[in-house]
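*Asks:* Please find the sequence and the predicted model below.
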Amino acid sequence: MPITKTPYVKSCLNYTGGKYKLLNQLFSLFPENIHNFVDLFCGGANVLINMEATGTMTGIDNQKEVIRLYETLKTYSEGEILDLIYSIISEFQLSETRKFGYSYYGCDSSSGVGAYNKLPFLKLRDTYNSRTENNCYYDTIFYLLTVYGFNNQIRFNKNMKFNIPVGKRDFNEKIEQNLLQFMRRIKEKNVNFICSDFRNIDYQLTDGDFLYADPPYLISTASYNEQGGWTEQDERDLLNFLDDLDRRNVKFALSNVTIHKGKENTILIDWSKKYHCHYLDYDYNNSNYQSNARMNQTQEVLITNY
């Protein structure tokens, strides 16, 4: 079983649809003895950084801001990244509750530091959105926007401007340790990151390799699927691509949902009949999953060709 010893390392980003809570279920269904591994639509990279493979490990996503951040975290040392983080926090006068506590900012842990950070955060966000170049400084600002932003989310408007408002928390010790663990893991595994549309890559995968795909879900309403971010044509192109892998004897696993809030993905359901469909236990409706009517539930699946 291709599992890194638990506890798993968690992504440094809170990515919508992240698979951290599903890792045990996913890995129990993944093949053994993987040579080259590809995490397609890698997002927060929770699967990627906890996998084992004897060959190359590659994460692919078309969210260029995320891939640039990963490359920066892979390139620079822990000390260099932390120095830059604290320099930016100081430059924009963002809160540091780990150093000064909550009372210093006129609040407590329950209310959080959102009121204090509102103006500094807007300045930080404006600086990022008005950048004229990309470098490690702006990659680190992007990371801090997710740390200080509402619910640590990542969201861009149609003009590709980061538009999440300020949140309640700041760069605390737990977040720092999580960042450092993530950095160590991508360096230990020498993960390759590629920013590209999935249709534009020469994968060169063969028998013994494994591709895991976790695309945007066609019937979901997550922020990544706003403004027509994932269409029926995208869905069909991906399924055709997976069919091609199957013809080449390359193992794949596809994460998706067949039912979500009264909608059914009939394209996926029809396509999946020629493969193996595993039903996962992911409570999208929190504690009320069992009591909700069928049409209000979400059914997470893993579709495999092995």
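*Replies:* Yes, it's here.

*Asks:* where does the stretch 201-306 of the chain have low pLDDT?
*Replies:* Residues of the stretch 201-306 of the chain that meet the criterion pLDDT under 70 lie in 221-228, 282-296.

*Asks:* All the helices of it, in order from the start?
*Replies:* Applying DSSP state H, counting those that start in this stretch to the stretch 201-306 of the chain gives helices spanning 232-247, 266-272.

*Asks:* Tell me the helices and strands packed up against the shortest one.
*Replies:* For helix 266-272, the packing partners by 3 or more C-beta pairs under 8 Å, 6 or more residues apart in numbering; DSSP states H and E come out as helix 232-247, strand 251-260, strand 298-304. Bear in mind the C-beta positions are built from the backbone N, C-alpha and C, glycine included.

*Asks:* Buried residues, it. List them.
*Replies:* Across helix 266-272, burial judged by 16 or more other C-beta atoms under 10 Å covers 268, 271, 272.

*Asks:* For the residues you listed, please prepare TSV with the additional fields distance to residue 63.
*Replies:* Formatted as TSV, the buried residues of helix 266-272 follow (distance: C-beta to C-beta, whole Å):
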residue	distance to residue 63
268	22
271	25
272	26
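
*Asks:* and of those residues, the nearest to residue 25?
*Replies:* residue 272 (17.4 Å; C-beta to C-beta).

*Asks:* thought the closest one was touching residue 301?
*Replies:* Yes: contact criterion C-beta atoms under 8 Å: residue 272 and residue 301 qualify, at 7.4 Å.

*Asks:* what do those two both touch?
*Replies:* Shared contacts of residue 272 and residue 301, defined by C-beta atoms under 8 Å, 6 or more residues apart in numbering, comprise residue 258.

*Asks:* Spit out the contact partners of the residue positioned nearest the centre of the chain.
*Replies:* Closest residue to the average C-alpha location of the chain: residue 44 at 2.2 Å, with C-alpha atoms, centre = their mean. Each residue near residue 44 by C-beta under 8 Å, 6+ apart is listed here: 11, 13, 14, 15, 18, 19, 20.

*Asks:* wait, which of those is closest to residue 238?
*Replies:* Of the contacts of residue 44, the one sitting nearest to residue 238 (C-beta to C-beta) turns out to be residue 19, at 17.2 Å.

*Asks:* quick one: residue 49 and residue 37, what's the gap?
*Replies:* According to C-beta to C-beta, to the nearest Å, residue 49 stands 11 Å off from residue 37.

*Asks:* quick one: buried residues of stretch 124-140?
*Replies:* For stretch 124-140, using 16+ other C-beta under 10 Å, the buried residues are 124, 125, 127, 128, 129, 136, 137, 138, 139, 140.
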